[in-house]
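Undergrad: what's the 3D shape of this:
(one chain, ligands or ions: 1)
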Amino acid sequence: MRLLQTSLPDIAILEPAIYEDSQGGSVQSFDEPAFHKALKEAGFPVPRPLIQDNHFCSRKGVLRGLRYQLPPRAQGNLIRVVNGSAYVVAVDVRRDSLTFGKWVGVELDAVSQRMLWIPEGFAHGFAALEDNTHFFCKTTNGYHKESERNVRWNDPDIGIDWPGFTEKTTGAEDAVAPLLKNSEPHSEFLQGTTELKDLKVIGDNRGSLIALEQGLNIPFAIKRVYYIYDTLSDVGRGFHAHRRLEQMAICVSGSCNIVIDDGASRQQVRLDSASKALIIRNMIWREMHEFSDDCVLLVLASEYYDESDYIRDYDQFIKEVSCGKK
Ligand code: TYD
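TA: Numbering: from 1, shown residues only. The predicted model follows:
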């Protein structure tokens with residue numbers, strides 16, 4: 001599987017391997033380890049598992065979207081066209097993002113079998129370029145009508161250059177969807193469970209100093225402090241959640257990316273400054289990636305080390321986090 005970057009840093013085209021023989025041909029349409037490897041190598045966050053497949057069929061000129069789901073039901077979509085061809089568009093709807101409102105469009109067809117990876121936080125839409133076009137979407141969250149939101153396909157502030165049709169047909173909801181500026185924002189953070197804090201820097205002409213004070217800028221009593229350093233750049237750490245423990249992580253030197261996941265929605269935070277602190281509450285899955293050579297990740301923890309507090313299996317985490325929400 002080969003990954004190609006697009007003009008939006010979070011959106012990728014994936015080219016699967018196609019095999020042909022005397023009986024016809026085959027394509028390995030999804031291989032999770034290869035998908036994750038391709039994303040990791042290109043510096044993309046690894047998404048939550050793709051848990052649902054949806055198959056749509058449209059005639060030429062039909063335009064579906066733009067649609068997205070709000071957290072905690074946000075959806076990442078891996079989109080493939082299995083018959084015909086389509087123009088598939090992704091729009092960044094994360095209000096705090098540097099690329100908010102920016103879009104990318106890619107033509108997908110059943111011959112090349114190229115796929116488009118659109119992570120959570122993006123609206124997507126498709127326009128069928130031929131009759132009997134079939135779209136196949138693998139998604140990280142099931143369809144949830146109450147969480148679904150639309151954005152107007154021809155919002156002038158977004159300015160999508162849809163391919164010209166003699167006839168353009170949209171669904172009733174798509175035709176009256178709100179403009180992006182009036183739409184419900186996709187919040188950047190897992191609300192209530194994680195927080196990115198800017199720490200106060202006490203600087204003078206000698207340099208900078210930051211003070212961490214329990215009960216003031218640290219929201220829990222500290223029982224343990226540890227730091228992670230000399231991590232190899234291609235190594236991922238973490239891959240666990242804690243049942244009780246809360247943490248505050250600060251890259252006091254260098255940088256790393258931390259993926260946080262509450263079982264319904266997944267985001268990546270970049271820690272690249274000694275004045276940024278990520279607070280991670282209990283029952284949050286975390287993964288650390290892309291450690292710079294000089295990275296020293298300082299972690300303040302609310303509990304002593306206790307292996308029984310760890311959940312190291314993602315399926316077990318989903319089970320426990322879902323029970324807690326009932
Ligand atoms: P782990 O928490 O799995 O590290 P990471 O999340 O960065 O991948 O810990 C790695 C090993 O270190 C594991 O065997 C437990 C041990 N450990 C301690 O003994 N004390 C500690 O405070 C921590 C954080 C880990």
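Undergrad: what about stretch 49-67, distance to the chain center?
TA: Here stretch 49-67 is found 19 Å from its chain centre; the criterion is CA atoms, centre = their mean, to the nearest Å.
Undergrad: ditto for stretch 273-291
TA: That offset, for stretch 273-291, works out to 15 Å (CA atoms, centre = their mean).
Undergrad: endpoints of that stretch, how far apart?
TA: Start and end residues of stretch 273-291 are separated by 13 Å (CA to CA, to the nearest Å).
Undergrad: which residues of the stretch 51-200 of the chain score low on pLDDT?
TA: By pLDDT under 70, the weakly predicted segments of the stretch 51-200 of the chain are 96, 165-168, 186-193.
Undergrad: for the protein, what lies in contact range of the ligand?
TA: 224, 226, 228, 237-238, 240, 305 (CB under 6 Å from any ligand atom). C-beta: built from backbone N, CA, C; applies to glycine.
Undergrad: next, the distance between the ends of stretch 260-273.
TA: Start-to-end, stretch 260-273 (CA to CA) is 18 Å.
Undergrad: and that stretch, average pLDDT?
TA: Taken as a whole, stretch 260-273 has an average pLDDT of 85.
Undergrad: one step back: which of the residues of the chain next to the ligand are buried?
TA: For those, a burial check counting by 16 or more other CB atoms under 10 Å picks out 228, 238, 240.
Undergrad: sitting in strands, which of the residues you listed do you find?
TA: Using DSSP state E, the members of those that fall in strands are 228, 238, 240.
Undergrad: from the residues you listed, which is closest to the ligand?
TA: G238 (4.3 Å; CB to the nearest ligand atom).
Undergrad: roughly how far apart are that closest one and L297?
TA: Here the criterion is CB to CB, to the nearest Å. By it, G238 lies 10 Å from L297.
Undergrad: ok, whichever helix or strand M288 is part of: who's next to it in the sheet?
TA: In this assignment (DSSP states H and E), M288 forms part of strand 285-289. Strand 285-289 has its sheet partners listed here by DSSP bridges as strand 237-242 (antiparallel), strand 256-261 (antiparallel).
Undergrad: returning to that earlier point: okay, and the common contacts of G238 and L297?
TA: M288 (CB atoms under 8 Å, 6 or more residues apart in numbering).
Undergrad: quick check: closest non-adjacent residue to A38.
TA: Excluding the flanking residues, the one nearest A38 by CB to CB, 6 or more residues apart in numbering is L3, at 4.2 Å.
Undergrad: quick one: that neighbour and I13 touch, right?
TA: Yes - using CB atoms under 8 Å, L3 is in contact with I13, at 7.2 Å.
Undergrad: how many neighbouring residues does the residue nearest to A38 have?
TA: Neighbourhood size, L3 [other CB atoms under 10 Å]: 17.
Undergrad: do V225 as well
TA: 11.
Undergrad: for it, give the beta-bridge partners.
TA: Bridge pairing for V225 - DSSP bridges - gives L300.
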